[in-house]
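Novice: here is a sequence with its predicted model. Questions after.
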Amino acid sequence: MSNYIYKILSTCLAAACFLQTAAGQLWRRADIDDGLVAKDTYCLFSSIRLGQSIEWIEICRNTLHIPCDGNANYFHDSRQMAAVADFISLWYRGGGDPYCKNNDFTLWRLSSYMPPHKYIHSTKERFDFLNRQINNLLDYEKSSQWDYNLGSWLEMDMEAFVVRMLEKELIKINPIFRTEAPAFKEYMDAAETVYYYLIVGKDGYQGSSSTMRWAAYRKDRYTMMRQALEGILFYLSDGIVPPERDPSEFTVELVNREYDSYIKELTYLENDYTVEERSDVLDAERAAWNKWMEIRAEMVQALHEDQRRVYLQQTRTLCLIKYQMIKDRNNKYLK
């Protein structure tokens, strides 16, 4: 189903580019100061060699997207504008270029836009700088609904990218954490189906801002995973103990009881999916959630006692966030 949303986004992007060109916008990506330099590049978690940077610079300078009608006043500078244009064009135009969605390209493009001035040893500090790069990139005004839609997707995919990087660094420390990523993906797939059945509905129309809502829905779930990964990674890499919270009342069992309440509250909707169909997709999401939590429960037994305490704390945080999501009944995305 996500392919359907991607098609909508690609169509919007093509239409936006056509309208901007038809309106006489003469912004040309290759003509602006983009700050890209052909050199060996330190990118926080990897280093990109000269030859690779030359290839990627050529790809970037041939992108076609014109952000915000080509108006530089919506951006802090031309380098930010160029970086936004590159990511949107290479990630979404025509379904996106998988070659440019890999982690190394993303790290290189972010570090070309906002380079670290020195080598950073601490894992926590490297992620802090990565967050600064992303926040600075995303801090621009939008001139149309197209720009809001595309900007929201860029925000969502940057959150997904950070989750991938956290997973990668965690697996380097202890390969046991590799087993959690597939379970999280299964949960995300199930959550996607919930979105279509309970938020979009059978007619499938949500207006011109529908892609923004979809992006917000997915981003919130990536953020949930991000919070869980950061706590255990920074404890293992830098010895940083996560802030003491006491969400002890928030358990897997509490989340399941809230699922029960949600399903019981479903009512008949004319010309929409039946109560049974909607309850089935909620049950499928619940099953994926429980499988994910079961894997975490198995993994915790293989950790040292101090690590186990942090990992269990992060599981309770996941349950707190998930409980709040279900308690809201997805109204956040319906409004």
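Specialist: Thanks, I have the structure now.
Novice: any stretches of the stretch 101-250 of the chain with poor pLDDT?
Specialist: Scanning the stretch 101-250 of the chain for pLDDT under 70 picks out the ranges 205, 246-247.
Novice: where do the helices of it begin and end?
Specialist: Assigned by DSSP state H, counting those that start in this stretch, the stretch 101-250 of the chain shows helices spanning 103-113, 123-138, 145-173, 180-194, 210-238.
Novice: in contact with the residue lying closest to Val162 once chain neighbours are set aside, which residues?
Specialist: Among residues not flanking Val162 along the chain, Arg226 sits closest, at 6.0 Å (C-beta to C-beta, 6 or more residues apart in numbering). Quick note: C-beta positions are derived from backbone N, CA and C, even for glycine. Residues in contact with Arg226 (C-beta atoms under 8 Å, 6 or more residues apart in numbering) are Glu159, Val162, Val163, Leu166.
Novice: out of the residues you listed, who's the most crowded?
Specialist: For these, the largest number of neighbours (other C-beta atoms under 10 Å) sits with Leu166, at 23 neighbours.
Novice: hmm, Phe127 and that residue touching each other?
Specialist: Yes: counting by C-beta atoms under 8 Å, Leu166 touches Phe127, with 7.4 Å between them.
Novice: identify the contacts common to these two.
Specialist: Here Leu166 and Phe127 have Glu230 as joint contacts, going by C-beta under 8 Å, 6+ apart.
Novice: show me the domain layout of this protein.
Specialist: Following automatic domain parsing, one finds the domains of the chain at 1-124, 179-207+243-335.
Novice: do you know how far Leu266 is from Ala160?
Specialist: To Ala160, Leu266 is 30 Å away according to C-beta to C-beta, to the nearest Å.
Novice: now Leu303: which helix or strand?
Specialist: Assessed by DSSP states H and E, Leu303 sits outside every helix and strand.
Novice: look up the closest residue to it, ignoring the ones flanking it.
Specialist: With sequence-adjacent residues excluded and distances taken as C-beta to C-beta, 6+ apart, Leu303 is closest to Tyr311, at 5.9 Å.
Novice: from Tyr222, how far off is the one you found?
Specialist: Distance of Tyr311 to Tyr222, computed by C-beta to C-beta: 19 Å.
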